[in-house]
Structure formats: structure tokens, C-alpha cells
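>>> next comes the sequence, and after it the predicted model I'd like to discuss.
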Amino acid sequence: LSKRLNFPNTNDEIGRLALTFDEMLERLESAFKRERRFLSDASHELRTPLATVKALVEEALESDLTKEEYRHRLISIHREISKMNKIISQLFMLTRCEEGNWPVDFENINLKTMVEDVIVEMDEYALQRNVKLYHECEKDIFIEGDQTLLTRLFINLIENAIKYNKKGGWVKAKVEELDQQVRIIIEDSGIGIPQEDLPFIFNRFYRVDKSRATEGIGLGLSIVDWIVKIHQGKVNVTSTVGVGSKFEVSLPKHQTKLHST
Ligand code: ADP
């Protein structure tokens, strides 16, 4: 039955055409709704650090601060600016990716080198959080993929595994070679994700519990999801609250023509 167009409910060519138009309208409407939601969520996330910076500056202008107090104020302002910077780069990456505007560059990549490099990069953060980082990739494993995007995938998953961990916890990053695929496994001994949240964690701006961590805005896993899709792969998550989580990404070793841009 035609819902919006005032066509008679017939089963002939016109009736079927009306139905197709209706479906198209519905899809367009939900796309617009998603975009409006995205814009309002994005502005909301930026408003908090911006308001903090504004308050810090105004307060500093109105009071006589010592040099040391000014320094502390500047450190706080710098922290908020870094937050905004991170939000903006994530937003930029996600929108460009989703618009098909990200220059995907498939090349031969050694995942062993990649995981080793990311582990070195994340070492400092893990140390600050008192989390032990391990990695396991016995031999060179090659895959056709985008260097920047796959590095981002490792960073986002490992960063989360550290961020949502416990003091004295661990994170293991493993790469395995299968017949036509490779499997990337990021496992942690962290706080876990409740079963009812699992279906939503890859949605834009979805956060399990806003009180868990103040740094994230819920875009990291949407970016991971997009990177997995562009590589024609799959991601699977298992998690137990209080015990830990395991993210398993399977990627084909070779890309079919579909995405070779
Ligand atoms: P954020 O930037 O908030 O970390 P993500 O999109 O990366 O957003 O993750 C979405 C939510 O999923 C997070 O808010 C967090 O609650 C949960 N999450 C992601 N990874 C883990 C993990 N390894 N352990 C526990 N919770 C996680």
C-alpha cells in the first residue's frame, strides 16, 4: 500500500511504481534524519570542551593570577583543545569515509611490522594506565590493505582495550594467518561490555556508559567498522562484564575488484 503518494492501491505498473517511490522517500527521510542526528551529536560533543575553555579564559581575564596559576590554566586549556582536536579529526575521518571521499590506497602490507609499530606507539599510554601490552605474530603476514586505515584500526582497538581496562590488567594483540584470510585479535582483561550493549557499540556516538571514561565520544568503533567494511572483512566481539573483551577482525588477504580504487 502506498503510504505517502496518493496513488490508488493497485497491483499494476503504476501501483508498483508508487510503492517504489515510497520506499525511496522513506530511505531518503531516514538518511536525512541520521545526518541531522549526527550534526546535533557532533555539536553537542564539541560544546563541552569549548565551554570549559571559555570559562577558563574568562576567569583568567577577570582575576590576578600568579605566573604559576597562569601556567596551570594554560595546561587545562591545552588539554581541552587536544580533546576538541581529536573529536574533529575523528569526525572528519568518519564523514569523509562515509561519503566515499577517503583516498583508499590498497598495497601489500606486512601486518607483523604494523602491529609491532602500533604496540611501540601505544606503550606510553599503557604505562600511564598500568596495563601490560603483549603481541603475538610469529612470522611476516602479508595482506592487501590500506596502510593508514589498518594502522588506525589497530590503534582504535588497542586504545580502547587499554582505556577500558583495570589497573594491572593486560592487552593482547595477535595476528594469525588462515588460508585465504588473516585474523586480528585484540583481547583485554578489562571491564567488559554488557550483552545488551553489544549490538550498538559500532554505532556513531554510542557509548556504553558515559561515566566509564571521559575521553571518548563513541566514534572509534564506527571508524573501525567502516575500515573493516572497506576491506571486505568482518568483525566479531565477545565480552564478559568484569572479565574482559575480545575483538576479532577477519580480513581477506586479497581484495576483489569491487573496491580497488
Ligand atoms: P569511545 O571513543 O567512547 O571509546 P568507541 O566507539 O571506541 O567510543 O567505543 C564505544 C563504546 O564501547 C565505548 O564507550 C565503551 O564503553 C565500549 N568499549 C569499546 N571497546 C571496549 C573494550 N575493549 N572494553 C570495554 N568496553 C569497550
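Looks like it came in fine.

>>> what about the strands in the protein?
Using DSSP state E, the strands of the chain run over residues 106-110, 132-136, 142-146, 170-177, 181-188, 234-240, 244-252.

>>> tabulate the ones you listed (TSV), appending mean neighbour count.
Every C-beta, even on glycine, is put in place using the N, C-alpha and C of the backbone. TSV is the format used below for the strands of the chain (neighbours: other C-beta atoms under 10 Å):
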stretch	mean neighbour count
strand 106-110	14
strand 132-136	15
strand 142-146	21
strand 170-177	20
strand 181-188	21
strand 234-240	15
strand 244-252	20
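
>>> with mean pLDDT and distance to the ligand added, can I get those strands in a markdown table?
Formatted as a markdown table, those follow (pLDDT from 0 to 100; distance: least, C-beta to the nearest ligand atom, whole Å):
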| stretch | mean pLDDT | distance to the ligand |
| --- | --- | --- |
| strand 106-110 | 96 | 23 |
| strand 132-136 | 96 | 13 |
| strand 142-146 | 96 | 20 |
| strand 170-177 | 97 | 8 |
| strand 181-188 | 98 | 5 |
| strand 234-240 | 97 | 7 |
| strand 244-252 | 98 | 4 |
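
>>> could you export those as CSV, including distance to residue 27?
As requested, these are exported to CSV (distance: least, C-beta to C-beta, whole Å):
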stretch, distance to residue 27
strand 106-110, 30
strand 132-136, 43
strand 142-146, 29
strand 170-177, 38
strand 181-188, 32
strand 234-240, 25
strand 244-252, 29
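
>>> looking at the ones you listed, which is closest to residue 199?
Taking C-beta to C-beta, strand 234-240 is the member of the strands of the chain nearest to residue 199, at 9.8 Å.

>>> quick one: distance of the closest one to the chain centre.
Relative to the centre of its chain, strand 234-240 is centred 15 Å away, using C-alpha atoms, centre = their mean, to the nearest Å.

>>> got it, and stretch 10-20?
Distance of stretch 10-20 from the chain centroid (C-alpha atoms, centre = their mean) equals 41 Å.

>>> buried stuff in that stretch?
Across stretch 10-20, burial judged by 16 or more other C-beta atoms under 10 Å covers 18, 19.

>>> using PDB, list the CA coordinates for that stretch.
Written as PDB, here are the backbone C-alpha positions of stretch 10-20 (Å, rounded to 0.1, in the frame of the first residue of the first chain):
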ATOM      1  CA  THR A  10      -3.300  -1.300  -7.400                       C
ATOM      2  CA  ASN A  11      -1.100  -4.100  -8.400                       C
ATOM      3  CA  ASP A  12      -0.400  -2.700 -11.900                       C
ATOM      4  CA  GLU A  13       2.600  -0.900 -13.100                       C
ATOM      5  CA  ILE A  14       1.500   2.500 -11.500                       C
ATOM      6  CA  GLY A  15       0.800   0.900  -8.200                       C
ATOM      7  CA  ARG A  16       4.200  -0.800  -8.200                       C
ATOM      8  CA  LEU A  17       5.900   2.400  -9.200                       C
ATOM      9  CA  ALA A  18       4.200   4.300  -6.300                       C
ATOM     10  CA  LEU A  19       5.400   1.700  -3.900                       C
ATOM     11  CA  THR A  20       9.000   2.100  -5.200                       C
END
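
>>> what residue in the stretch 1-150 of the chain comes nearest to the ligand?
As assessed by C-beta to the nearest ligand atom, the ligand sits closest to residue 90 within the stretch 1-150 of the chain, at 7.8 Å.

>>> find the nearest non-adjacent residue to that residue, please.
Nearest residue to residue 90 in three dimensions, chain neighbours excluded: residue 219, at 4.3 Å (C-beta to C-beta, 6 or more residues apart in numbering).

>>> counting neighbours, what do you get for that neighbour?
24 (other C-beta atoms under 10 Å).

>>> can you check residue 166 too?
15.

>>> my read: it touches residue 191, true?
Yes - using C-beta atoms under 8 Å, residue 166 is in contact with residue 191, at 6.7 Å.

>>> residues that sit against both of these two, list them.
Common contact partners of residue 166 and residue 191 (C-beta atoms under 8 Å, 6 or more residues apart in numbering): none.

>>> which strands or helices does the helix or strand of the chain with the lowest mean pLDDT pack on?
Sorting the helices and strands of the chain by mean pLDDT, DSSP states H and E puts helix 13-62 at the bottom, at a mean of 87. Helix 13-62 sits against helix 67-98, with contacts defined as 3 or more C-beta pairs under 8 Å, 6 or more residues apart in numbering; DSSP states H and E.
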